[in-house]
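Chemist: sequence first, then the predicted structure:
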Amino acid sequence: MRRLWILTLFVAATAVAAERGEEIRLWPNGAPGSEGETAAEVFKGDARLPSNFTVVHYPSIYVFLPPKDKASGMAVVVAPGGGHSQLVIDKEGWEIADLLNRNGIAAFVLKYRLARAPGSHYTVEGNALPDAARAMRTVRSRAAEWGVDPARIGVMGFSAGGEVAALMETRFDAGNANAAGPIDRASSRPDFAVVVYPGYRPGTITVPKDAPPTFLVCADDDRSHVVTTVNLYLDLEKQQVPAEMHIYGSGGHGFGLRSKLPVGNWPDRLLDWMRDRKLLQP
């Protein structure tokens, strides 16, 4: 009987440890700018892993860890898009997490506050960016727990999430060494950035010399977003920041992993870039 009890506990513990997409609130007692908020978030689909969000008040990360026998120690904070009015979190969150996990990369899908949702009082720079920075600090401060190398944590963003990623890689800090908690002591600087069909207003991104290496991708028939992609690449080049850009002839906007056109091969080019940068080496 005792042996059966121990086996039952082991199986239960393994099931919990392997749970896909555990949600962790970035500020358990409420995010700055959302103090006292009690309204429910609005989403579609499964309550545990919704297909999208249209109202977000409680920023969080969803944890997706690769199998231990595949884990490289590399990690990515993933920011889905949706024009800051929604989060297309299935296509540009859960599906991306599965891709990364298959390649030994831990994924932390970011649920950030929406600046352009109807009635929203949030802003991109005042709320979405701090949510992303807090996510980076959280992953870095808990790196040992999640089997992650704190020097190989990047950010990946799509469309509006690409704007968040671009802000992340250009507006970071080393953390507060005097802070009481380990999260606030951790750096918010990504070690690399992946920016996919980003959208942002001209003049809002200023690239510093210590910005991280960056991979950019978009489709040429996504005219407004190809401009921002090329401009970011040129700004990185001006500061001599290593960058690689891929512009495919067609694919439109928001292709994610679902296109059957040549643009659908962009994840292979990303993995090539990661190997070239020695990011995937255990």
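Modeler: Received, thanks. Residues are numbered from 1 along each chain as shown.
Chemist: backbone phi and psi for the spatially most central residue of the chain, please?
Modeler: Geometric centre of the chain, nearest residue: V78, 1.7 Å, by CA atoms, centre = their mean. Dihedral pair for V78: phi -110, psi 120, per degrees, to the nearest 10.
Chemist: going forward, count from 12.
Modeler: Happy to do that; since the first residue is 12 now, the last one works out to V89.
Chemist: any stretches of the chain with poor pLDDT?
Modeler: Flagging of the chain using pLDDT under 70 yields the residue ranges 12-29.
Chemist: which residues in it form strands?
Modeler: Counting by DSSP state E, the chain has these strands, from start to end: 33-36, 53-55, 63-66, 71-75, 86-90, 117-122, 164-169, 204-207, 225-230, 254-259.
Chemist: can I get the fourth one as PDB, trimmed to CA atoms?
Modeler: Going back to what we said before, that points to strand 71-75. C-alpha atoms of strand 71-75 as PDB (Å, rounded to 0.1, in the frame of the first residue of the first chain):
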ATOM      1  CA  SER A  71       0.900  37.800 -16.600                       C
ATOM      2  CA  ILE A  72       3.100  35.200 -18.300                       C
ATOM      3  CA  TYR A  73       2.100  31.700 -19.300                       C
ATOM      4  CA  VAL A  74       4.900  29.200 -18.800                       C
ATOM      5  CA  PHE A  75       5.800  26.700 -21.400                       C
END
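Chemist: partners of that strand in the sheet?
Modeler: In the sheet, strand 71-75 lines up against strand 33-36 (antiparallel), strand 117-122 (antiparallel) (DSSP bridges).
Chemist: tell me which of these lies nearest to V67.
Modeler: strand 117-122 (5.8 Å; CB to CB). C-beta coordinates here come from the backbone N, C-alpha and C atoms, glycine included.
Chemist: now the closest one: how far from the chain's centre is it?
Modeler: Here strand 117-122 is found 5 Å from its chain centre; the criterion is CA atoms, centre = their mean, to the nearest Å.
Chemist: what does it contact?
Modeler: 32, 34, 64, 67, 69-77, 82, 85-91, 98, 100, 104-105, 107-108, 111-112, 142-143, 146, 150, 157-159, 172, 175 (CB atoms under 8 Å, 6 or more residues apart in numbering).
Chemist: ditto for stretch 92-110
Modeler: Contacts for stretch 92-110 (CB under 8 Å, 6+ apart): 32, 56, 60-65, 67, 73, 75, 89, 91, 118, 120, 122-123, 125-129, 135, 139, 167-173, 208, 210, 265, 267-269, 278.
Chemist: name all residues that make contact with the residue nearest to the centre of the chain.
Modeler: Taking CB under 8 Å, 6+ apart, we find V89 in contact with 103-104, 107-108, 111, 118-121, 166-168, 172.
Chemist: ok, R148 next?
Modeler: The contact partners of R148, taken as CB under 8 Å, 6+ apart, are G186, I194, D195, A197, S198, S199.
Chemist: so the first one touches S198, yeah?
Modeler: I take that to be G186. Yes: using CB atoms under 8 Å, G186 is in contact with S198, at 4.9 Å.
Chemist: between those two, point out the one with more neighbours.
Modeler: More crowded of G186 and S198, by other CB atoms under 10 Å: G186, with 20 against 17.
Chemist: and that one, its phi and psi?
Modeler: Dihedral angles for G186 - degrees, to the nearest 10 - are phi 90, psi 170.
Chemist: and for R234, the neighbour number?
Modeler: The number of residues packed near R234 is 10, by other CB under 10 Å.
Chemist: hey, C-alpha coordinates of stretch 226-238 in PDB?
Modeler: Extracted in PDB, the C-alpha atoms of stretch 226-238 (Å, rounded to 0.1, in the frame of the first residue of the first chain):
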ATOM      1  CA  PHE A 226      16.200  39.100 -36.100                       C
ATOM      2  CA  LEU A 227      13.500  40.800 -38.200                       C
ATOM      3  CA  VAL A 228      10.900  39.300 -40.700                       C
ATOM      4  CA  CYS A 229       7.900  40.500 -42.600                       C
ATOM      5  CA  ALA A 230       6.200  40.300 -46.000                       C
ATOM      6  CA  ASP A 231       6.700  42.900 -48.800                       C
ATOM      7  CA  ASP A 232       2.900  43.100 -49.500                       C
ATOM      8  CA  ASP A 233       2.400  44.200 -45.900                       C
ATOM      9  CA  ARG A 234       3.300  47.800 -46.900                       C
ATOM     10  CA  SER A 235       3.000  49.700 -43.700                       C
ATOM     11  CA  HIS A 236       4.700  47.100 -41.600                       C
ATOM     12  CA  VAL A 237       7.600  46.500 -44.100                       C
ATOM     13  CA  VAL A 238       8.500  50.200 -43.700                       C
END
